[in-house]
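Engineer: Next input, structure requested:
(chains A and B)
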Amino acid sequence: MQFDPFVIPFNIGLYFILIYVVVRSIIWFRDLSRPDKLRLQRGFFGIAFVQSLKEIFLESLIHRKILKTNLRLGYMHMSLAFGWFLLILFGTIEADIFGAKHLNAPYKAIFFRFFNPEHGRIGFEAAYGFLMDLILAFVLSGLFLAVSKRLWSGVVGMKKTTRLKTTDKIALTSLWLIFPSRLLAESFTCGAYNSGSFLTGSLGSWLASFLPAQQLAYPFWCLYSLSLGTFFVLLPVTRYMHIPTELFLIFMRNSGIRTGDKTGSFSEVETYSCSSCGICIDACQLNFSAGITNIQSAYLMKAIRNNDDVSEIAHNCLLCGRCDQKCPVGIELSPIRMIQRRLDEPGNDFKNIYKGYFRTRQTTLQEKPITSVNYDFLPGTNPEKADVLFFAGCMTHLTPAIKNSMVKILDASGVNYSFIDEQGGVCCGRPLMLAGQDKEARELINYNSQMIWKSGAHTLVTSCPICYKVFKESYYLDVEVLHHTEFIKKLVDEGTLKLNFLRKRVVYHAPCELGRGSGVYDAPKELLKHVSRLEKNKFEDENSLCCGGSLANMKISSQKRNKIAQDAAAELTKDYPDILATACPLCKKTFSSATDAHVADISEIVAEALIEPGIKKNIIKQNSTIKELVKI
Amino acid sequence: MEKFGFSISKGRQIDYEANDRRVADFIYEREPSFRLCIECGGCSATCTTGNLTKFSLREIHILIKRGENDKVREDIKKCMLCGKCTLVCPRGVNTRNIVMLAKQAFIKSDEYAV
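Structural biologist: Residues are numbered from 1 along each chain as shown, chains lettered A, B, ... in the order given. Take a look at the predicted model:
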């Protein structure tokens, strides 16, 4: 037997998806910017290719990162992906060795048992059949977990599982049908011909004892072929597109391509690589504290793929970056969300079902139009000349304790500094960027840049992580940007500042923008260790919580903000520390109203621990401030 | 006619019938906390832009609610969205979203006008 009509659905599906993926990859490659194309070409002939192969094996097949986060969920993904891969691989080898001739058509391998029903009774053939049955059992165990996860997400240790749309459900059903129908089809055939190994053989002979196996085998082979075909055809419009896309993503990422700040091939590849595993949903504080369950990154990716209106979802997020850290595929979720914030609202004729298959640059949203900016009221820039600039930032002005502590520390250190926004100053521009108004933000950035240039300083110190991030990333300055914790640490290391040891137990809360946002984890903690007894807590470094006050969320109500702050503060102050320390004025302000514990910025703690120097080095400046006060 | 340097000041009454309250409705619908504002002026007192100009978020709130949008249309672009107003607000009004929505509403109403 060489061919049977039942393989047609499978063949159609397979060739459709192969052609589709090739065409899609070519379109993605074509839409890349020129430097990215070069990067990809260089990556293809370099070490990146080998790295990618390794990563594809570890992540796309074994799902190592999911296994690390959640063993049962990881097993589910691994058994389906790796098991299916093994089934195809060993199936092809089986067809090649035991088939009538070498190099068979794919359907020969997939439906091997149908074309060779007598195969696998003795010797090596039987051993090979045992292996194939073992792999099938492996896949089926994962499938069993997947089905029970749908009914009760706690089975795999998840709190929530993703909600699906209709096409997803059809694809899911066909995916679920693939392996049971294969099992039954093989079993019936084996039952009829008295072949097969421990799984198909024994199930087959049992079924054949009371059912007409010969007649029942064919319908199940049809079902197997049909479910495979349906699954392949629906693949491009469902989340299962991540199977082929993820390979492309890994390769692009290893070649050095990054998301950037505009929509492009890479962000689209990332969007399609999301498998909706749901790890981001469990990590999201809006989910487990505030009860907002429709805005998590998995849903954002899905909404973008479906061409839905995502402005509400994109803006209702703290951008704390917890999901970014947890994503097993390594999708840069926060940058993608930022891109969506910059985009214009969709019109009415935007949605079209065919666009699911043929999503091109024309069908995606355009960037917001330039609104006339009105910051011409900004005062002239004539700052004092100084070596070190201190930019407090808007939030620090709302928490005068931090501002005063910083002035005290700077005075004590004796550096030649200038407090550039002592009289209020201008916003750094980050809040506007977080609202997706980059062009407006650019005006403020230009203003502040001029101010910093003119002062001739070599170091810029800021107390606010929000300002810190934007100074580091979006300002093109020739100065060293330091957060005040880094700066104080430097002073302490140099020996300029002498600090007492405070006998206090301190818990450190890493601010999102400083920690996950800018990667500053060690400086604040080492500084705290220097002056106090730093206690460990469950939420450290990459896993730290968000205080809920984040300026990134435009939509959340103050009650929900407060709920997040209370939950986070309760977690951090479980062991009743003397001080809940943070390095961000906004975190401090949010926590102060949410907990009874004493909340303090690191600068306050340092200022308290300060040993007053014998000689005031900045004595001239102090005199001048006193004079001003008298005038008033 | 002789000019004595006197002038007749413009009428100060608020004509709710004639005023365009669509912007206010647009914001009410999307940000219900807009209703909570008691016009205490805390936002204006702390405002970064207000420190440099006459810009006052309190005034903008009042004008939008009245439907006197002409002054707001230009004024609102001065906002830097720094978020101090949201933090000081005693009523928990999401002021940043109100500014965003107002900007959005003006863009939309401009589109319809053309």
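Engineer: and the closest residue to A:G120 other than its chain neighbours, helix, strand or coil?
Structural biologist: Excluding its sequence neighbours, the residue lying closest to A:G120 (Cβ to Cβ, 6 or more residues apart in numbering or on different chains) is A:G129, at 3.5 Å. All C-beta atoms are positioned from the backbone trio N, CA, C, and that covers glycine. Remark: A:G129 carries the secondary structure label helix [criterion: DSSP: H, G, I helix; E, B strand; the rest coil].
Engineer: got the contact list for the residue in chain B that chain A sits nearest to?
Structural biologist: Distances from chain B to chain A, computed as Cβ to the nearest Cβ, single out B:G92 as the nearest residue at 3.2 Å. By Cβ atoms under 8 Å, 6 or more residues apart in numbering or on different chains, the contact set of B:G92 is A:557-559, B:33, B:36.
Engineer: got it, and A:A583?
Structural biologist: Applying Cβ under 8 Å, 6+ apart, one finds that A:A583 lies in contact with A:465, A:483-485, A:508, A:510-511, A:514, A:524, A:601-602.
Engineer: Tell me the backbone dihedrals of it, please.
Structural biologist: The phi and psi torsions at A:A583 (degrees, to the nearest 10) take the values phi -120, psi 20.
Engineer: thinking again about what came up before, what about the residue nearest to A:G120, neighbour count?
Structural biologist: Here the number of neighbours of A:G129 (other Cβ atoms under 10 Å in any protein chain shown) works out to 25.
Engineer: if I look at the closest residue to A:T381 other than its chain neighbours, how far off is chain B?
Structural biologist: Of all residues not flanking A:T381 in the chain, A:M451 sits nearest, at 4.5 Å (Cβ to Cβ, 6+ apart). When distance is defined by Cβ to the nearest Cβ, to the nearest Å, A:M451 is 14 Å away from chain B.
Engineer: likewise A:F251?
Structural biologist: In this view, A:F251 and chain B are 39 Å apart by Cβ to the nearest Cβ.
Engineer: quick one, what contacts that residue?
Structural biologist: Contacts of A:F251 (Cβ under 8 Å, 6+ apart): A:40, A:43-44, A:48-49, A:52, A:56.
Engineer: and if you look at A:A568?
Structural biologist: With contacts defined as Cβ under 8 Å, 6+ apart, the neighbours of A:A568 are A:285, A:289, A:509, A:539, A:545-548, A:591, A:594.
Engineer: 7 Å - rerun?
Structural biologist: Remark: with contacts taken as Cβ atoms under 7 Å, 6 or more residues apart in numbering or on different chains, A:A568 is in contact with A:545-548.
Engineer: and what of A:I556?
Structural biologist: A:290, A:316.
Engineer: quick revisit: tell me which of the contacts of B:G92 fall in helices.
Structural biologist: Judged by DSSP state H, the contacts of B:G92 include A:558-559 as members of helices.
Engineer: Which residue comes closest to A:F391 once chain neighbours are left out?
Structural biologist: Taking Cβ to Cβ, 6+ apart, and ignoring the residues beside it in sequence, A:F391 has A:T462 as its nearest neighbour in space, at 4.6 Å.
Engineer: Nearest to chain B: which residue in the stretch 51-200 of chain A?
Structural biologist: Across the stretch 51-200 of chain A, the shortest distance to chain B (Cβ to the nearest Cβ) belongs to A:R163, at 23.7 Å.
Engineer: List phi and psi for that residue.
Structural biologist: As for A:R163, its main-chain torsions (degrees, to the nearest 10) stand at phi -80, psi 150.
Engineer: Any figure for the gap between it and A:I281?
Structural biologist: With the distance defined as Cβ to Cβ, to the nearest Å, A:R163 ends up 10 Å from A:I281.
Engineer: Show me which of those two is the more surrounded one.
Structural biologist: Each of A:R163 and A:I281 has its neighbours counted (other Cβ under 10 Å); A:I281 has more, 26 against 14.
Engineer: could you point out which element follows the helix or strand harbouring A:L300?
Structural biologist: Following DSSP states H and E, the helix or strand that holds A:L300 is helix A:297-305. Tracing the chain C-terminally past helix A:297-305 and defining elements by DSSP H and E, one meets helix A:311-315 next.
Engineer: Now do that following helix: which elements does it pack against?
Structural biologist: Judged by 3 or more Cβ pairs under 7 Å, 6 or more residues apart in numbering or on different chains; DSSP states H and E, the packing partners of helix A:311-315 are helix A:297-305, helix A:333-342.
Engineer: Where do the strands of the stretch 451-600 of chain A begin and end?
Structural biologist: Remark: strands assigned in the stretch 451-600 of chain A by DSSP state E, counting those that start in this stretch are A:459-462, A:480-483, A:505-509, A:533-535, A:579-582, A:598-601.
Engineer: Redo those strands as a markdown table? Include mean pLDDT, distance to A:N416 and mean neighbour count.
Structural biologist: Compiled in a markdown table, the strands of the stretch 451-600 of chain A are given as follows (pLDDT from 0 to 100; distance: least, Cβ to Cβ, whole Å; neighbours: other Cβ atoms under 10 Å in any protein chain shown):
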| stretch | mean pLDDT | distance to A:N416 | mean neighbour count |
| --- | --- | --- | --- |
| strand A:459-462 | 94 | 10 | 24 |
| strand A:480-483 | 95 | 15 | 22 |
| strand A:505-509 | 95 | 31 | 23 |
| strand A:533-535 | 94 | 32 | 16 |
| strand A:579-582 | 95 | 29 | 24 |
| strand A:598-601 | 96 | 24 | 22 |
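Engineer: B:D110 is nearest to which of those strands?
Structural biologist: Ranking these by proximity to B:D110 (Cβ to Cβ) places strand A:459-462 first, at 37.2 Å.
Engineer: mind listing what that closest one pairs with, with the direction of each?
Structural biologist: Next to strand A:459-462 in the sheet, as set by DSSP bridges, lie strand A:388-391 (parallel), strand A:480-483 (parallel).
Engineer: Chain B versus A:I250, what's the distance?
Structural biologist: A:I250 sits at a distance of 37 Å from chain B (criterion: Cβ to the nearest Cβ).
Engineer: in the helix or strand of chain B with the lowest mean pLDDT, what counts as buried?
Structural biologist: For chain B, using mean pLDDT, DSSP states H and E, the weakest element among its helices and strands is helix B:95-113, scoring a mean of 86. Along helix B:95-113, the positions that meet the burial threshold by neighbour count (16 or more other Cβ atoms under 10 Å in any protein chain shown) are B:95-106.
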